[in-house]
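**Q** predicted coordinates and the sequence they were generated for:
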Amino acid sequence: MSEHATDLRETVRRHYAAAALQVTEGGSACCGPQAIEIDENFGGALYAATERDELPPEAVAASLGCGNPTAVADLHEGERVLDLGSGGGIDVLLSARRVGPTGKAYGLDMAEEMLALALANARKAGATNVEFLKGTIEAIPLPANTIDVVISNCVVNLSTDKAAVFAETFRVLAPGGRIGIADVVADDDLTAAQRGERGDYVGCIAGALSFTEYRQGLEAAGFTGIELTPTHTVVDGMNSVIVRAAKPGTCCGGCC
């Protein structure tokens, strides 16, 4: 990894560690945790009120995503789900409810502060079928072919090595597994410089791929059935997008 990429990753880690501390240290006995304020295109407001009400308020307050991947991942009882960049755990906890006691929901995050917050939220929610892992989304600490569904909420754009993210996601998915990702994606006519003019890296803008780049990245990793569906505009030329794709359903020796 280049020095620039290492610096960017550390900037991202510090930013989200600070966000976790804002939630854990910013609450009060009367008013609960202080939500992280960004704008209406990000955060807990993108979830249905019925979903927010069934979770610890700290999980909702720490939400920094640009969508609701659990709403489109079509989760089933008994499935194994992995959330890349799980933050305060909102999507892990929602997934755990959907897959039930025979399933399992994993969360992966590189910030100790977010992991501590997520573990606390899991305890408050009484969730017993969840596990939070420390690591990066470019080197997922799980065996190959062990996950049915990978979800992520506005995190892939933060990676400095998106090819590695796609390859690792493909590796851990079982044959026939699928992804349901919410991410920020740029219009194809925007250059990297123009994306940077619209927002910074930690704000999920400067590091976003274009539609074509995203599709090509997934195809290069081996994914099929790729769909990128815009849901709303984040800033001019930058879109919140639901990304769906699948790993082919048969495993031929070492091809998986």
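**A** On my side now, so go ahead. Numbering: from 1, shown residues only.
**Q** the residue nearest the centre of the chain bridge partners, please.
**A** Centrality entry for the chain: nearest residue to the mean C-alpha point is Ser152, 2.3 Å, by Cα atoms, centre = their mean. Taking DSSP bridges as the rule, Ser152 bridges to Leu84, Ile181.
**Q** where along the stretch 151-256 of the chain do the strands fall?
**A** Counting by DSSP state E, counting those that start in this stretch, residue ranges of the strands within the stretch 151-256 of the chain are 173-186, 224-235, 238-246.
**Q** now swap in the stretch 1-150 of the chain and tell me
**A** Going by DSSP E, counting those that start in this stretch, the stretch 1-150 of the chain shows strands at 80-84, 104-109, 130-134, 147-153.
**Q** and the pLDDT for Asp200?
**A** According to the prediction, Asp200 has pLDDT 84.
**Q** you'd agree it is up against Val235?
**A** No: counting by Cβ atoms under 8 Å, no contact exists between Asp200 and Val235, whose distance comes to 11.5 Å. C-betas here are computed from N, CA, C, even on glycine.
**Q** which one of these two has more residues nearby?
**A** Each of Asp200 and Val235 has its neighbours counted (other Cβ atoms under 10 Å); Val235 has more, 16 against 12.
**Q** Leu190 versus Ala206, what's the distance?
**A** Summarising the geometry, the distance separating Ala206 from Leu190, computed by Cβ to Cβ, to the nearest Å, is 11 Å.
**Q** typed the wrong thing, it's Tyr106
**A** Spatial separation of Tyr106 from Leu190 under the definition Cβ to Cβ is 34 Å.
**Q** more crowded one of these two?
**A** Using other Cβ under 10 Å, the more surrounded residue of Tyr106 and Leu190 is Tyr106, with 25 against 17.
**Q** and the more buried one, what does it touch?
**A** Contacts of Tyr106 were listed using Cβ atoms under 8 Å, 6 or more residues apart in numbering, and they are 80-83, 92, 130-133, 142, 147.
**Q** write a ChimeraX command that selects only the buried members of those.
**A** The following ChimeraX line selects those of the contacts of Tyr106 that are buried, judged by 16 or more other Cβ atoms under 10 Å:
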select :80,81,82,83,92,130,131,132,142,147
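**Q** dump the contacts of Tyr106 into TSV; add pLDDT as well.
**A** Formatted as TSV, those follow (pLDDT from 0 to 100):
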residue	pLDDT
Arg80	98
Val81	97
Leu82	97
Asp83	95
Val92	92
Val130	96
Glu131	97
Phe132	97
Leu133	97
Leu142	98
Ile147	98
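**Q** now, among the contacts of Tyr106, which is nearest to Pro230?
**A** Distances from those to Pro230 were compared by Cβ to Cβ; the smallest belongs to Asp83, at 21.8 Å.
**Q** contacting residues for that closest one?
**A** Asp83 neighbours (Cβ under 8 Å, 6+ apart): 69, 91-92, 95, 105-108, 150-153.
**Q** and Glu10, by the same measure?
**A** By Cβ under 8 Å, 6+ apart, the contact list for Glu10 is empty.
**Q** so where's this protein uncertain?
**A** Of all residues in the chain, those with pLDDT under 70 make up the ranges 15-17, 19-68, 250-256.
**Q** for it, which segments count as helices?
**A** For the chain, helices defined by DSSP state H occupy the ranges 3-25, 49-53, 57-61, 90-99, 112-125, 162-172, 192-198, 211-221.
**Q** would you list those in CSV and tack on distance to Ser240?
**A** Putting the helices of the chain into CSV (distance: least, Cβ to Cβ, whole Å) gives the following:
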stretch, distance to Ser240
helix 3-25, 18
helix 49-53, 17
helix 57-61, 18
helix 90-99, 15
helix 112-125, 21
helix 162-172, 17
helix 192-198, 14
helix 211-221, 13
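**Q** thinking again about what came up before, in a markdown table: the strands of the stretch 151-256 of the chain, plus distance to Phe166.
**A** As requested, the strands of the stretch 151-256 of the chain are arranged in a markdown table below (distance: least, Cβ to Cβ, whole Å):
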| stretch | distance to Phe166 |
| --- | --- |
| strand 173-186 | 9 |
| strand 224-235 | 11 |
| strand 238-246 | 9 |
